[in-house]
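Trainee: With the input below, show me the fold.
(chains A and B)
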2 protein chains.
Amino acid sequence: MARVGARQESRTILTSRRRNVQALVIDRDAPDGIRFVPDYPQPGPAPGEVLLRVRLAGICATDLQLVRGYMGFAGVPGHEFVGRVETGPPTLQGRRVVAEINCVPPGSPADTLDVRKHAPDRTVLGIQGRDGAFAEFVTVPAENCHVVPDGISDVQAVFVEPLAAACQVVRDCPQRGEDRVAVLGSGRLGILCAQVLALHGPHVDVLGRNPRTLDLCRRLALRAGHVDEVPPGATYDIVVECTGSPEGLRRALRLVRPRGTVVLKSTYAGAERLDLAPAVVNEVRIFGSRCGPFDEALDLLRRGRVQVEPLVTARYPLARGVEAFRAAASPEHIKVLLEPPAA
Amino acid sequence: MARVGARQESRTILTSRRRNVQALVIDRDAPDGIRFVPDYPQPGPAPGEVLLRVRLAGICATDLQLVRGYMGFAGVPGHEFVGRVETGPPTLQGRRVVAEINCVPPGSPADTLDVRKHAPDRTVLGIQGRDGAFAEFVTVPAENCHVVPDGISDVQAVFVEPLAAACQVVRDCPQRGEDRVAVLGSGRLGILCAQVLALHGPHVDVLGRNPRTLDLCRRLALRAGHVDEVPPGATYDIVVECTGSPEGLRRALRLVRPRGTVVLKSTYAGAERLDLAPAVVNEVRIFGSRCGPFDEALDLLRRGRVQVEPLVTARYPLARGVEAFRAAASPEHIKVLLEPPAA
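Mentor: Next comes the predicted model:
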C-alpha cells in the first residue's frame, strides 16, 4: 500500500503541474462579465480525475446567469461539453466522453447521481468551486465520465447534460397518460423538456414568446403557441417552468390547475418579488428539479428519439467566446456552441 | 316537483329578509382595518343554506391578513366558529354545528372537500364573496355543516377548522416513521400542526421565537426550541411553514434537506422578495396546503388526541371585537375568541 501511495503522489506531482490554456473566465469587471484568456494557468488532474481535451461545448442559461453573478462563481464556466480523455485510467484513455457535473472527492460514498448532486462537499463543473469546460482542457472525476457511443455526434453529445436534466422532469413528476402538460419557455431547455415529455404523453403544449423558437418547436412536431394566447381559464395538470425568469413562476401558478404541479427548472441570479398565496390557496405542488440521468439522455440520442441538432444556431471558436455569449443571450439564437482549438 | 319548488320559493322570500345584527366588518378606512357595527344588515339564508346563531368564534392569522388587505375581502370576516342551527332542515334544526368554509351553489357536483375547496365558483366563508362568523348570525350551505358531538366543548369546536387544516398537512405529505419534521412557527396553527404531526412520527420539532408559545408547546409535550438555535447544518425531511411571514419560506428552504419537502400553510397579503434558486438546486418540493377534513379533526378532539383549550388566552364579547383583533395580533396572545351576545 505504501508503494501505491508513493506512486499516486508522484503522479499527482507530475500531472498537477499547471499548463497555460485558452479559456473563457468570469470577470465582473469585464463589460460582458466574461473575457477570453489566452494563457489561463490550469492545474492538472487531481488523483481520481481525468484530463479531457474539450472538443465542443454549449452555452446554456445558467452560464448567462453566472456572468450576472449567479452563485458568485469565479473561474471558467461551461458544463455542457464533449471531450476526449487525454490522461485517465485505461478504460477511459482516448475515449470520447461526456461528464456529469456534480463532483465529489475520490473515495466519497456518493456513488449515485442523487447523492452526488446533493453532496454537501460537492463541486459543480463550471458552476461551483471547479473550473468548467469553456477551455482547451478540463478535469473531472473519472467516475463522472460516460463514454459516448460512436453513433452519437459531437453536437448531439453536447446536449447530453441538458437532455439529462429534461429527463429528470419525468423522474420528479411522472405524467399520467391523460395529463395536460405545459412547458413554459420555448428556449434551449424548454424544447428539450417538451421533446422528452411528449414521449410520455399526448398532451404537451410549449408556451413561449419567441416566434423563431416556437416555429422550431412545430418543426419538431411539438404543439406550440404564444403564451399570451392561452385561452382564459385553461389549466394544466403539470407546468414545467423553463423560462429562466421569475415571471415564469408567476405565470405557471396562473396556468396550473388546483392541486396540480409546477416543476421549476430555471435558476436565476437574485431574489424576485413573488406572491405564493395562490400556491397555498390552490394547493399547488412546486418541485425544484435539476440534473438528471446521463444514461437515459445518451439512450434517447442513440435511438433518435430526441432531435437536438436543429437547436444549434451558431458555432464560435473559443477565442470569440465573448461574442458567443452575446449571441447566446440574444433572441436570434437558440443553442450556441464553442469550439476550442483542435488537438 | 312544482309544489316543492313553490314551497322553496316562498321559504326563500320569507328567510331572505334582512335583519340587523351585531357584526365586525372589514373597513379599510378604520384605524384597525375593522370596526364593530351594531346593526349590520344581514340577508337571510338562500335556498339550501342554514341560518346559524354563532356561539363562539376564533380569530386566526388569515383574519389578521384580511384586515391588511389580503384577498381584497370586504364584509364580515370569521371562519372558525361553532353555532346552533336556527333555521335549517330537520336533521340539523337546533343542532350545534361547525361548518366547512368553502361554499358552492346548491346542486353543484362538488360533493367532496377537495372539489369544493377548489371549485371556481366557490365562495369562502369570511374570506371570499361571503360574510363570515364574526356576527350574531351566519348563513352557510347545509351540506357544509358537521354536527358537534356532545363531548366536544364550544371552545374545542372553534378549533375544528384550523385543526382540519393541520390534518391536511399529513394528507398532503405523509410522514415516514423516521422522518425528521420541523414545524416553523409556534403560533396558533403551528401548535396544532405539531400536535397532529407528532401523532404520526416521533421526530417533530417546533421552531419558533416567542418564549410564551414555545413554553406552551413544551407543556403540550412537544419538542420546541428557538429557531435561531437550530444547530448549523441540521436539516429536516419535512418543514411545515406556519409562520405567516415570507421569512418563513426563506428559513424553511435553509432547513429542509435536499429533495425534502416544505409544506406551505401560511398565506399573507402581498408579494415578497424570494430567491427560489435554492429550491431548484436542492430539488426541494414545496406543497401548498389549505383546508382539511372536518371529520378527522372532530374525531381527534373527541378522542382527546389533541389539546386545544390551552391555546386560548382571551375571550372578548363581539362588541369589543376591534380590541380582540389587537390582542390576536400581539405576541402576548395565542388564540383569541369572540362571543356574540347569547340568544
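
Trainee: Chain B versus the most centrally placed residue in chain A, what's the distance?
Mentor: Centroid-nearest residue in chain A, with C-alpha atoms, centre = their mean: A:Pro162, separated by 3.9 Å. According to C-beta to the nearest C-beta, to the nearest Å, A:Pro162 stands 14 Å off from chain B. The way it works is simple: take the backbone N, C-alpha and C, and place the C-beta from them, glycine included.

Trainee: What strand or helix carries that residue?
Mentor: Per DSSP states H and E, A:Pro162 falls inside helix A:160-172.

Trainee: State the next helix or strand along the chain beyond that helix.
Mentor: From helix A:160-172, the next helix or strand downstream (DSSP H and E) is strand A:181-184.

Trainee: Say whether chain B is contacted by that following strand.
Mentor: No - applying C-beta under 8 Å from any C-beta of the partner chain, one finds strand A:181-184 out of contact with chain B, separated by at least 14.2 Å.

Trainee: Off-centre distance for the next helix or strand after that strand?
Mentor: Once strand A:181-184 ends, the next helix or strand along the chain (criterion: DSSP H and E) is helix A:188-198. Here helix A:188-198 is found 13 Å from its chain centre; the criterion is C-alpha atoms, centre = their mean, to the nearest Å.

Trainee: and helix A:188-198, which residues are buried?
Mentor: Across helix A:188-198, burial judged by 16 or more other C-beta atoms under 10 Å in any protein chain shown covers A:Arg188, A:Leu189, A:Gly190, A:Ile191, A:Leu192, A:Cys193, A:Ala194, A:Gln195, A:Val196, A:Leu197, A:Ala198.

Trainee: Skipping adjacent residues, who's closest to the second one in space?
Mentor: The one in question is A:Leu189. Nearest residue to A:Leu189, sequence neighbours excluded (C-beta to C-beta, 6 or more residues apart in numbering or on different chains): A:Cys242, at 4.6 Å.

Trainee: before we move on, what about the fifth one?
Mentor: Spatial nearest neighbour of A:Leu192, excluding adjacent residues (C-beta to C-beta, 6+ apart): A:Ala166 at 4.1 Å.

Trainee: which residues sit in contact with the one you found?
Mentor: By C-beta atoms under 8 Å, 6 or more residues apart in numbering or on different chains, A:Ala166 lies in contact with A:Leu189, A:Leu192, A:Cys193, A:Gln195, A:Val196, A:Leu197, A:Gly292, A:Ala297.

Trainee: any idea how far A:Val281 is from B:Ile101?
Mentor: Here A:Val281 is placed at a distance of 12 Å from B:Ile101 (C-beta to C-beta, to the nearest Å).

Trainee: what does A:Val284 give?
Mentor: Distance from A:Val284 to B:Ile101, by C-beta to C-beta: 19 Å.

Trainee: For the two, work out which one has more neighbours and name it.
Mentor: Looking at A:Val284 and B:Ile101 with other C-beta atoms under 10 Å in any protein chain shown, you find the greater number of neighbours at B:Ile101, namely 30 against 24.

Trainee: Wait, that one touches B:Leu125, no?
Mentor: Yes - B:Ile101 is within contact range of B:Leu125, at 4.1 Å (criterion: C-beta atoms under 8 Å).

Trainee: Which residues are in contact with each of these two?
Mentor: Common neighbours of B:Ile101 and B:Leu125 (C-beta under 8 Å, 6+ apart) are B:His79.

Trainee: show me what contacts the residue nearest to A:Leu189?
Mentor: Contacts here follow C-beta under 8 Å, 6+ apart; on that basis A:Cys242 touches A:Val183, A:Leu184, A:Gly185, A:Gly187, A:Leu189, A:Gly190, A:Cys193, A:Gly248, A:Lys265, A:Ser266.

Trainee: Of those residues - the most surrounded one?
Mentor: Counting neighbours by other C-beta under 10 Å, A:Val183 comes out on top of the contacts of A:Cys242 with 34 neighbours.
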